[in-house]
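Asks: sharing a model prediction with you, sequence too.
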Amino acid sequence: MSGTGSRRFPRLLVTGGAGFIGSCFVRDTLARRDGTTIVVLDKLTYAGNRANLAAVEADPEQAARFRFVTGDISDPAVVAPLVADVDAVANFAAESHVDRSILDPEAFLRTDVLGVHVLLEACRAEQERAARGERAAAPRFLQVSTDEVYGSVESGESHEEDRLEPRSPYSAAKAAGELLAHSYFVTFGLDTVVTRGSNTYGPYHHPEKLIPLFITNAIDDQQLPLYGDGMQQRDWLYVADHAGAIGHVLEHGDSGEAYNVSGGNERTNRQVVAELLNMLDKPWSLVRLVADRPGHDRRYAMDGSRLASLGWTNKVSFDDGLATTVGWYRENEAWWRALKAGDWDAYYRRQYGDRLAGSHEAGR
């Protein structure tokens with residue numbers, strides 16, 4: 001499969017653009033200095049951080065092509081006028097942490113399903129304006145999804161045509177959002193594309209996730225709560241590669257299609273933790289095996305050949321990306337310590353308190 005050719009979208013709306021992957025997309029896109037303008041819409045929940053965009057706002061040339069709007073993608077009154085002024089919408093906005101989806105599933109439905117619906121309806125309204133000759137074309141809509149929609153993959157690799165079998169409230173909500181987007185392509189002819197990304201890591205990652213949690217805990221010589229036996233397998237993707245692949249699909253992807261964004265770096269959680277501790281010169285004794293989370297998927301793996309056929313290849317190896325990530329957290333303690341303040345302790349106790357109390361050593 002190949003794309004229908006390159007398309008430029010000089011005016012972008014990036015929802016969730018203050019989050020981990022979204023802010024990387026914004027920083028890297030504006031750093032090209034090709035005239036692209038970006039409006040970021042972000043609710044600034046705990047995972048959205050205006051500091052993630054500080055480098056953009058400190059650069060006069062980039063700042064002139066950037067606007068930030070605080071708001072909810074579930075609010076049509078906020079969304080509609082923003083969509084009316086852009087050529088494409090890249091929807092990064094999501095509740096994205098599986099553990100939190102188990103604690104509060106409803107929040108995930110509001111953002112990951114109802115929010116997608118509001119964005120799609122705004123794009124459909126612009127499609128009607130285009131049909132009346134009031135604008136050149138309707139915006140392209142790109143939905144950022146996840147490999148978790150495939151469920152646990154015991155062997156082989158997931159392909160885009162495979163059945164979706166999500167097993168957590170988070171992945172079920174993401175599957176619903178991308179299926180809704182596809183339905184608007186089929187029913188209304190809306191120009192939609194979907195990306196399904198592997199487990200992503202890198203700078204600016206909220207410390208609730210495995211790699212940043214273990215880096216920051218290890219820096220402070222705190223225990224590292226490793227779920228189950230630690231042999232869950234994930235395919236790791238560096239954040240700049242993930243953001244770059246999304247931009248590539250936005251410009252080159254076929255309307256109505258989904259594209260796997262695989263990392264090509266499959267490792268068990270134990271292997272990742274061992275590499276982190278080695279880079280940080282910290283002992284394995286910090287690792288504690290804790291009770292597994294409900295419905296924990298054992299393995300994710302995706303075939304990335306459809307994306308490769310569009311001409312995309314990842315640029316960062318896992319070893320280099322992990323070293324860069326560890327170095328970034330060492331050099332940016334103020335950033336992550338601010339996130340580990342406030343209600344962090346209450347969340348951490350709720351998630352890991354009983355698990356750590358009943359934990360045991362993780363033998364090598």
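Replies: Ah, there it is. Numbering: from 1, shown residues only.

Asks: what comes up buried for the longest helix seen in the chain?
Replies: Counting residues, the longest helix found in the chain (DSSP state H) is helix 169-188. Of all the residues in helix 169-188, those buried under the rule 16 or more other CB atoms under 10 Å are 169-182, 184-185. Heads up, the C-betas are built off the backbone N, CA and C, glycines and all.

Asks: now, the most widely separated pair of the residues you listed?
Replies: P169 and F185 (25.2 Å; CB to CB).

Asks: what is the burial count for P283?
Replies: 10 (other CB atoms under 10 Å).

Asks: now do the one 4 residues further on
Replies: Counted with other CB under 10 Å, residues neighbouring V287 total 24.

Asks: mind giving me the packing neighbours of the helix or strand where E275 lies?
Replies: Per DSSP states H and E, E275 falls inside helix 269-280. Helices and strands touching helix 269-280, by 3 or more CB pairs under 8 Å, 6 or more residues apart in numbering; DSSP states H and E, are helix 210-219, strand 224-227, strand 233-238, helix 318-331.

Asks: against S317, how distant is the nearest residue to Y300 once chain neighbours are set aside?
Replies: In space, not counting the residues next to it along the chain, Y300 is nearest to D147; the distance is 4.7 Å by CB to CB, 6 or more residues apart in numbering. Using CB to CB, to the nearest Å, D147 is found at 19 Å from S317.

Asks: lowest-confidence helix or strand of this protein?
Replies: When the helices and strands of the chain are scored by mean pLDDT, DSSP states H and E, helix 98-103 comes last with a mean of 58.

Asks: helix or strand next in line after that helix, which one?
Replies: Per DSSP H and E, helix 98-103 leads on to helix 105-109 as the next helix or strand towards the C-terminus.

Asks: who does that next one touch, helix- and strand-wise?
Replies: Against helix 105-109 (3+ CB pairs under 8 Å, 6+ apart) you get helix 98-103, helix 169-188.

Asks: give me that answer again for 7 Å
Replies: Helix 105-109 is packed against helix 169-188, with contacts defined by 3 or more CB pairs under 7 Å, 6 or more residues apart in numbering; DSSP states H and E.

Asks: just the angle for the helix or strand immediately after the helix it packs on in the chain relative to helix 169-188, thanks.
Replies: Sequence-wise, the next helix or strand downstream of helix 169-188 (DSSP H and E) is strand 192-197. Interaxial angle, strand 192-197 versus helix 169-188 (axes from the mean of the first three to the mean of the last three CA atoms, to 10 degrees): 160 degrees.

Asks: hmm, who's touching strand 192-197?
Replies: With contacts defined as CB atoms under 7 Å, 6 or more residues apart in numbering, strand 192-197 is touched by 141-147, 149, 178, 181-182, 184-185, 237, 242, 245-246, 249, 253, 255-261, 302.

Asks: helices - which of the residues you listed land there?
Replies: Per DSSP H, these map to helices at E178, A181, H182, Y184, F185, H242, A245, I246, V249.

Asks: distance check, the fifth one against A84.
Replies: Yep, that's F185 we're talking about. 20 Å.

Asks: same question, the second one
Replies: As judged by CB to CB, A181 and A84 stand 19 Å apart.

Asks: repeat that for the last one.
Replies: Noted for V249: a distance of 24 Å to A84, by CB to CB.

Asks: which one of these two has more residues nearby?
Replies: When neighbours are counted by other CB under 10 Å, V249 and A84 differ, and V249 comes out ahead with 25 against 16.

Asks: list the contacts of the more buried one.
Replies: L142, V193, T195, Y259, L307.

Asks: now, of those residues, which are buried?
Replies: L142, V193, T195, Y259, L307.

Asks: quick check: bridge partners of the first one?
Replies: Beta-bridge partners of L142, counted by DSSP bridges, are A90, V193.

Asks: so who does it touch?
Replies: Counting by CB under 7 Å, 6+ apart, L142 touches A88, V89, A90, N91, V193, T195, I246, V249, L250.

Asks: strands of the stretch 251-364 of the chain, start to end?
Replies: 258-261, 266-268, 287-290, 360-361 (DSSP state E, counting those that start in this stretch).

Asks: chain center to the first one: distance?
Replies: For strand 258-261, the gap between its own C-alpha mean and the chain's C-alpha mean amounts to 13 Å (CA atoms, centre = their mean, to the nearest Å).

Asks: pull out the buried residues from that strand.
Replies: In strand 258-261, counting by 16+ other CB under 10 Å, buried: A258, Y259, N260, V261.

Asks: of those, closest to H206?
Replies: Within the buried residues of strand 258-261, the smallest distance to H206 is 19.7 Å, found for V261 (CB to CB).
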